[in-house]
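**Q** sequence first, then the predicted structure, then my questions.
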Amino acid sequence: MAEYAKEYSLSELMAASVAREINDGELCFIGVGMPLMAATVAKFTHAPNFNMMVEYGA
């Protein structure tokens with residue numbers, strides 16, 4: 001049985017919540033920071049075929 005984290009930061013909770021909203025095969029426009037972390041979690045856990053376009057500002 002998997003053991004889940006019992007303590008986590010608000011940023012980690014937000015990244016996990018955002019990652020769950022990304023579906024396999026989608027195209028997502030991603031910002032840097034926490035959104036990029038969430039997209040990476042999604043890519044490596046449950047959405048390997050989603051594509052991301054990263055916007056980093058100017």
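**A** Good, I have the coordinates.
**Q** need the three-state assignment for the residue most central in space within the chain.
**A** Geometric centre of the chain, nearest residue: A38, 1.9 Å, by Cα atoms, centre = their mean. Under DSSP: H, G, I helix; E, B strand; the rest coil, the three-state class of A38 is helix.
**Q** just give the closest residue to it, not the sequence neighbours.
**A** The shortest distance from A38 to any non-neighbouring residue, by Cβ to Cβ, 6 or more residues apart in numbering, is to V18 (3.7 Å). For the C-beta atoms, the positions are set from N, CA and C on the backbone; glycine is no exception.
**Q** can you tell me the element that neighbour falls in?
**A** Element membership for V18, per DSSP states H and E: helix 10-21.
**Q** which positions within the next helix or strand after that helix qualify as buried?
**A** Next in sequence after helix 10-21, counting helices and strands by DSSP H and E, comes strand 27-31. For strand 27-31, a neighbour-count test (16 or more other Cβ atoms under 10 Å) marks C28, I30 as buried.
**Q** can you give the contact residues for strand 27-31?
**A** With contacts defined as Cβ atoms under 8 Å, 6 or more residues apart in numbering, strand 27-31 is touched by I22, L36, A39, F50, N51, M52, M53, V54, E55, Y56.
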